[in-house]
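1. please work out how this folds:
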Amino acid sequence: MDKLLRINMSVEGGPNASVDQMGEYAGLAGRALTSAVVAREVPPLAHPLSEDNKLVIAPGMLSGSLAAMSGRMSVGCKSPLTGGIKEANSGGQASQVLARLGYAAIILEGKPRDSDLYRIFINKDGVNIIPDNSLKGLGNYDLVEKMKREYGDKIACISIGQAGEMKMSAASVAFTDMELRPTRHAGRGGVGAVMGAKGVKVIVLDDTGMTARAPKDPEKFKAANRAFVEGLRRHPVTGEGLPAFGTNVLANVINEAGGYPTHNFMWGRFLGVSKISGETEAETEVARGGVATHGCHRGCTIQCSGIYMDKDGHYLSKQPEYETVWAHGANCGIDDLDAIAMLDRLDDDFGLDTIEMGATIGVAMEAGLARFGDAEAAIRLIREVGKGTPLGRILGNGAAVTGKVFGVERVPVVKGQALPAYDPRAIQGMGVTYATSTMGADHTAGYAVTANVLKVGGYVDPLKAEGQIELSRNLQIATAAIDATGMCLFIAFAVLDQPQTFQALLDLLNSFYGLELTGDDVTALGKKILTMERDFNKRAGFTRQQDRLPEFFRKELLPPHNSVFQVSDEDLDRVFNW
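-> This next block holds a predicted model:
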């Protein structure tokens with residue numbers, strides 16, 4: 001994984017590919033690499049859909065090896081949704097495959113001189129860039145089936161659906177899972193729109209003939225991997241809760257904490273939560289012949305995903321994640337798991353961020369386009385997006401645009417990106433992360449639920465301002481570093497609670513690369529990434545005023561605690577004072 005694959009879509013006579021050495025990017029991977037390329041090579045004031053923007057697709061430091069949980073992929077660009085730097089993260093098989101092919105990143109540059117749509121095929125023999133207008137208008141599911149017929153089933157696909165082709169700001173980039181279904185998405189920030197602007201519909205990866213990346217010290221690597229997996233299995237979250245009930249195990253937990261946003265962030269509890277909880281979801285999957293414990297890529301030991309069947313026992317979607325169930329469920333007043341799974345399937349097929357679309361439908365319901373709780377209306381609205389109707393194009397550009405068009409005051413966004421499934425009035429640490437993250441509102445940027453609710457890595461009272469700045473700061477630093485490794489963010493539960501598991505992670509990195517990294521080095525890497533990202537946003541015109549929550553979070557009381565967001569603006573401005 002020692003080279004960069006640059007694909008220039010602007011070249012006279014058609015796109016071409018070139019291979020660069022790592023150069024100034026040596027030692028970087030995942031989010032560290034995507035943010036470095038964007039920060040150094042993309043003009044901060046460039047239009048996100050212009051030829052000056054770049055889409056960077058990068059596996060992590062340990063991707064392609066036999067390290068457990070190492071299959072995450074980072075996708076970076078200037079975001080059409082926020083106008084700032086973006087790293088969107090996804091699971092799936094592609095990260096492992098791309099790393100085994102030896103590429104630290106694919107960098108899509110320029111913009112086609114024609115209206116053709118392209119597919120790109122990459123294997124051990126090189127790169128083939130093919131104009132293929134037969135792919136226009138295909139959803140991700142039909143697209144992948146077509147690629148399977150042509151290239152066989154030993155591939156991984158990176159693709160966009162109709163939303164990406166139409167350059168909608170809520171468009172995602174899809175990655176295929178172990179069953180070669182396009183169910184894993186780099187969802188946030190409109191990265192799919194940038195891929196669409198580059199004229200690329202699908203990238204097909206085939207690592208036939210390649211082997212796993214080899215560590216510098218195989219014996220130490222094996223021992224570290226064994227200790228790392230044992231730590232994950234010992235922890236109650238990664239060893240019990242997530243494998244049994246998936247990420248949606250959080251629904252009852254966050255609802256009980258009063259931080260489960262309901263009816264477009266009007267309340268903190270949803271009366272129908274038991275119907276859409278992780279426990280109910282897993283029970284339904286097993287009863288219908290689906291799977292409640294499943295990995296999104298080979299090498300996943302937590303296995304927090306699943307396979308959801310319809311009432312007739314036919315495949316409908318992957319197990320809808322916690323964020324998806326909340327966004328299309330409680331946030332829209334919908335307590336029907338089958339309807340939520342259908343919305344998830346449509347989002348994946350059209351190539352849409354489920355968080356952004358659930359928040360957008362909630363805003364649309366607030367505007368009177370549909371009633372809260374009307375699942376059929378929600379499905380119709382998502383279908384409008386897939387068809388690209390005038391209404392669909394408004395919705396497909398996210399909650400902020402929809403709120404402006406329909407005159408809604410309560411629009412839950414930061415930097416133009418919709419808030420995920422934790423109300424900052426009940427979980428104050430998450431409010432700090434939402435407000436100050438370089439990415440716009442993003443729960444994964446600094447997951448303060450750990451200490452605010454789950455009491456992992458300590459406890460900070462979720463209803464008070466005290467301690468939230470330090471909590472969010474430390475988590476944002478750690479998360480940026482984890483995103484560089486290619487590790488799943490869920491390892492953080494065990495790493496925060498078990499010093500020996502954190503040491504095992506360090507041992508994995510050190511034995512693989514022949515390094516002597518310490519915990520301080522990991523912290524330094526996280527700070528370096530965040531500094532690059534903050535600098536880009538500053539040059540793009542961001543000020544401290546963008547590091548704020550919408551005003552209604554400070555004014556409207558949130559039942560059941562009747563709380564408001566209490567962290568002061570002055571304290572928010574201290575997050576990056578390290």
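2. can you give me the strands in the stretch 401-550 of the chain?
-> Here the stretch 401-550 of the chain has its strands, by DSSP state E, counting those that start in this stretch, at 413-414, 417-418.
3. distance-wise, check residue 44 relative to residue 58.
-> Residue 44 sits 20 Å away from residue 58 when distances are taken as Cβ to Cβ, to the nearest Å. All C-beta spots, glycine's among them, are computed from the backbone N, C-alpha and C.
4. just residue 528 next, same as before
-> 16 Å.
5. equivalent analysis for residue 186, please.
-> 11 Å.
6. of the two, which one has the most company?
-> More neighbours surround residue 58 than the other of residue 186 and residue 58, with 33 against 27 (other Cβ atoms under 10 Å).
7. how near is the nearest residue to that one once chain neighbours are set aside to residue 392?
-> Distances taken as Cβ to Cβ, 6 or more residues apart in numbering place residue 105 nearest to residue 58, at 4.0 Å, with adjacent residues excluded. For residue 105, the distance to residue 392 equals 33 Å [Cβ to Cβ].
8. more neighbours: the two, which one.
-> Between residue 105 and residue 392, counting by other Cβ under 10 Å, residue 105 is the more crowded of the two (26 against 21).
9. and the more buried one, backbone torsions?
-> The phi/psi pair for residue 105 (degrees, to the nearest 10) reads phi -170, psi 150.
10. do the same with residue 87
-> Torsion angles, degrees, to the nearest 10, at residue 87: phi -130, psi 120.
11. show me the contacts for it.
-> Counting by Cβ atoms under 8 Å, 6 or more residues apart in numbering, residue 87 touches 31, 34-35, 74-76, 439, 483, 533.
12. please identify the deepest-packed of the strands of the stretch 401-550 of the chain.
-> strand 417-418 (a mean of 30; mean count of other Cβ atoms under 10 Å).
13. counting contacts, what elements does that strand pack onto?
-> On a contact count with 3 or more Cβ pairs under 8 Å, 6 or more residues apart in numbering; DSSP states H and E, strand 417-418 meets helix 354-366, helix 399-406.
14. what's the shortest one packed up against?
-> For helix 399-406, the packing partners by 3+ Cβ pairs under 8 Å, 6+ apart come out as helix 354-366, helix 390-395, strand 413-414, strand 417-418.
15. redo that, cut-off 7 Å
-> helix 354-366, helix 390-395 (3 or more Cβ pairs under 7 Å, 6 or more residues apart in numbering; DSSP states H and E).
16. and those helices, which is most packed in?
-> helix 354-366 (a mean of 29).
17. which residues touch the next helix or strand after that helix?
-> Going down the chain from helix 354-366, the next helix or strand is helix 375-387, by DSSP states H and E. Applying Cβ atoms under 7 Å, 6 or more residues apart in numbering, the contact partners of helix 375-387 are 162-163, 328, 332, 334, 336, 339, 342-343, 346-347, 350, 352, 357, 361, 364, 369-371, 391-392, 395-396.
18. starting at the chain centroid, how far to helix 375-387?
-> Centre-to-centre, helix 375-387 and its host chain are 22 Å apart (Cα atoms, centre = their mean, to the nearest Å).
19. any stretches of this protein with poor pLDDT?
-> In the predicted model of the chain, no residue satisfies pLDDT under 70.
20. hang on, the earlier thing: mind checking which of the strands of the stretch 401-550 of the chain is nearest residue 158?
-> strand 417-418 (21.9 Å; Cβ to Cβ).
21. could you give the bridge partners of the residue nearest to residue 58?
-> residue 4 (DSSP bridges).
22. ok, it - contacts?
-> 4, 33, 56-58.
23. turn those residues into a markdown table, columns for secondary structure.
-> Shown next, in a markdown table, are those (DSSP: H, G, I helix; E, B strand; the rest coil):
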| residue | secondary structure |
| --- | --- |
| 4 | strand |
| 33 | helix |
| 56 | strand |
| 57 | strand |
| 58 | strand |
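24. farthest pair in those?
-> Top of the distance list for those (Cβ to Cβ): 4 and 57, 10.8 Å.
25. who has more neighbours out of these two?
-> residue 57 (28 against 20).
26. how about the nearest residue to the more buried one, chain neighbours excluded?
-> Using Cβ to Cβ, 6+ apart and skipping the chain neighbours, the partner closest in space to residue 57 is residue 106 (4.5 Å).
27. wait, that neighbour sits on residue 3?
-> No. Residue 106 is beyond contact range of residue 3, at 10.7 Å (criterion: Cβ atoms under 7 Å).
28. ok, the residue lying closest to residue 259 once chain neighbours are set aside - contacts?
-> Excluding its sequence neighbours, the residue lying closest to residue 259 (Cβ to Cβ, 6+ apart) is residue 426, at 3.4 Å. Listed by Cβ under 7 Å, 6+ apart, the contact set of residue 426 reads 257-259, 268, 462-463, 558, 561, 563.
29. okay, and which of those residues map to helices?
-> Using DSSP state H, no member of those falls within helices.
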